[in-house]
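**Student:** Take a look and give me a structure for this.
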Amino acid sequence: MSYVLAAGANPLFVSNATSVQSTSVKYGADHPIFLWRRIDAGTWTKEVLVAGVQSAAEAAELEKHGERTTPDLKAGQFVEYGMLAEQVLDPNASGFTIGRFLAYVLIDVLLGRSTLVAAMPDTGLFPGGTFVRKRVATTGKTRLRMEVGRESPFTLSNGFPILPNPIAGKNSALSEIHDVDVGPLIPGTSYVALTLLIAETGAWQAVVEDFKTKQRKVTIQFKKFKVLNDGDEDPWGQGDEVEIWFRAYKGSEKVEEFKWGPGQISDVGTASEVFVNFSEVIVGPDEFNGIDPGVGLGLYALERDYFFWIPSTDEAEFSRTFRNGQGPHDVNDALGVSTVKPFVFPTGRGKEIVSPPQSEINFEVTASRKDGDGHLQLSAKVRHLVEYV
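**Tutor:** This is a model prediction of the structure:
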């Protein structure tokens, strides 16, 4: 689904406190939508998209595509538009967040440039690995608009900077101290932050800052494997001559491989859990420069059975399917199959660091029978840690 909600001009500028400005707002979707609007963080009202239409066909089109005009606004005011697909959803309801809109735009009306930042300890820009924190104090109450992107801003004739192609942003309501996080961002990557402060009068100050996110370091500890099915064809014996390969990847690059066996396995009782003593695998820290290759694990096992002295082999491997070309670990895009299970790392301040207790297992990868052959199945139990340096 594609959704469009864009202002003809944003922000708007006026020359004095009594002047007003307005602009167009285009909306578009592949299906009928509901468009909501509010001014100065007041009550959301639903726009009537089909007023004055001459035919059912025209009404059906306006429920999907069209153009609205904002009310006349003075310096310091702002208007928001949000798009929803469900009639029962009401953005005035308790618990509703801006992120639930399918598309959203905020339009400010500004007057003139000023100095609004106040000197105060513990203020500035503080990058993490997957976010950046901005803490700023102002001389009076201001609203904050912050955007982060990869490209440097260009400047309008009045000195106002525009950040091309922002990838993340955050707004903050009227306050003399703003403390916001923007993300998720890619570790080990250079960014540009544009912070706009707006006084109630419409006076504004823009601050442009370059920064780089911290690099990610992942530590992987293979603890044990669990035999779910030993694939043994001999009902009176154990699985014979099993070999297991434990693999760690950065993107599609195999960075480490450990082998267990050959040895016997069993899926019965405590014998089904086998502890391993491999060295730690450390992936990173690395510069990503905007592209996160990801980290993942692979697991492959080969068993040789003898049933009445007739040899046979069973294979088991982790495998997953995906939409072609999606995901950093998808090393076989043509078939939509990958033998690497990716880690999903948490993002944000207070969340991105992963440091479980020493005995905790917080990731596992399961190898199941390959090509529908046999019944061999086992899973590797892993403890992993994530830090940003």
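
**Student:** Please list all residues in contact with residue 46.
**Tutor:** 34, 35, 36 (Cβ atoms under 8 Å, 6 or more residues apart in numbering). In short, each C-beta sits where N, CA and C put it, glycine included.

**Student:** So this protein: which segments form each domain?
**Tutor:** When the chain is parsed with automatic domain parsing, its domains come out as 3-110, 117-212, 216-388.

**Student:** Looking only at residue counts, what's the top strand in the chain?
**Tutor:** strand 132-149 (DSSP state E).

**Student:** In the sheet, which strands lie alongside that one, parallel or antiparallel?
**Tutor:** strand 117-118 (antiparallel), strand 124-127 (antiparallel), strand 168-182 (antiparallel), strand 190-199 (antiparallel) (DSSP bridges).

**Student:** So which of the contacts of residue 46 are in helices?
**Tutor:** With DSSP state H as the criterion, helices contain none of the contacts of residue 46.

**Student:** now those in TSV, with distance to residue 349, neighbour count and pLDDT?
**Tutor:** Formatted as TSV, the contacts of residue 46 follow (distance: Cβ to Cβ, whole Å; neighbours: other Cβ atoms under 10 Å; pLDDT from 0 to 100):
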residue	distance to residue 349	neighbour count	pLDDT
34	34	19	98
35	34	22	98
36	30	20	98
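
**Student:** Out of the residues you listed, name the ones that lie in strands.
**Tutor:** Reading strands off the contacts of residue 46 with DSSP E, I get 34, 35, 36.

**Student:** The last one bridge partners, please.
**Tutor:** Read that as residue 36. residue 46, residue 82.

**Student:** heads up, I number from 6, so please use that
**Tutor:** Fine by me, first position is 6 from now on; the one you just mentioned is residue 41.

**Student:** Provide a list of residues in contact with it.
**Tutor:** Residue 41 touches 49, 50, 51, 52, 86, 87, 88, 89, 96, 106, counting by Cβ under 8 Å, 6+ apart.

**Student:** what does the first one give?
**Tutor:** Contacts for residue 39 (Cβ under 8 Å, 6+ apart) come out as 51, 52, 88, 89, 90, 91, 92, 94.

**Student:** Could you count how many residues lie near the third one?
**Tutor:** With neighbours defined by other Cβ atoms under 10 Å, the count for residue 88 comes to 20.

**Student:** pLDDT below threshold where in the chain?
**Tutor:** Along the chain, the model assigns pLDDT under 70 to residues 237-245, 311-316, 328-341.

**Student:** can you map out the helices along it?
**Tutor:** Under DSSP H, the chain gives helices at 61-67.

**Student:** center of it - which residue?
**Tutor:** residue 189 (5.3 Å; Cα atoms, centre = their mean).

**Student:** if I look at it, how far off is residue 249?
**Tutor:** Distance, residue 189 to residue 249, by Cβ to Cβ, to the nearest Å: 35 Å.

**Student:** what does residue 81 give?
**Tutor:** Residue 81 is 66 Å from residue 249, by Cβ to Cβ.

**Student:** Compare those two and say which is more crowded by neighbours.
**Tutor:** Taking neighbours as other Cβ under 10 Å, residue 81 and residue 249 compare with residue 249 leading, 24 against 20.

**Student:** ok, now which ones touch that one?
**Tutor:** 230, 264, 265, 266, 304, 305, 306, 383.

**Student:** In these, which residue is surrounded by the most others?
**Tutor:** Ranking the contacts of residue 249 using other Cβ under 10 Å puts residue 306 first, with 29 neighbours.

**Student:** what's across from that one in the sheet?
**Tutor:** Going by DSSP bridges, residue 306 forms beta bridges with residue 249, residue 321.

**Student:** hmm, who's touching stretch 74-85?
**Tutor:** Taking Cβ under 8 Å, 6+ apart as the rule, stretch 74-85 contacts 12, 17, 19, 21-30, 42-46, 109-116, 148, 203-207.

**Student:** what about the residue lying closest to residue 228 once chain neighbours are set aside, neighbour count?
**Tutor:** With sequence-adjacent residues excluded and distances taken as Cβ to Cβ, 6 or more residues apart in numbering, residue 228 is closest to residue 386, at 5.0 Å. Residues contacting residue 386 under the criterion other Cβ under 10 Å number 18.

**Student:** So in terms of bridging, what pairs with residue 386?
**Tutor:** residue 229, residue 369.

**Student:** Residue 365 is in contact with that one, correct?
**Tutor:** No: using Cβ atoms under 8 Å as the test, residue 386 is too far from residue 365 to be in contact (10.2 Å).

**Student:** Please produce a markdown table containing the contacts of residue 41, extended by distance to residue 212.
**Tutor:** Shown next, in a markdown table, are those (distance: Cβ to Cβ, whole Å):
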| residue | distance to residue 212 |
| --- | --- |
| 49 | 30 |
| 50 | 34 |
| 51 | 36 |
| 52 | 34 |
| 86 | 26 |
| 87 | 27 |
| 88 | 30 |
| 89 | 33 |
| 96 | 30 |
| 106 | 27 |
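
**Student:** Can you say which of these are buried?
**Tutor:** For the contacts of residue 41, a neighbour count by 16 or more other Cβ atoms under 10 Å gives the buried set as 49, 52, 86, 87, 88, 89, 96, 106.

**Student:** Give me the distance between the fifth one and residue 34.
**Tutor:** As judged by Cβ to Cβ, residue 88 and residue 34 stand 7 Å apart.

**Student:** give me every residue that touches residue 55.
**Tutor:** 63, 64, 67, 68.
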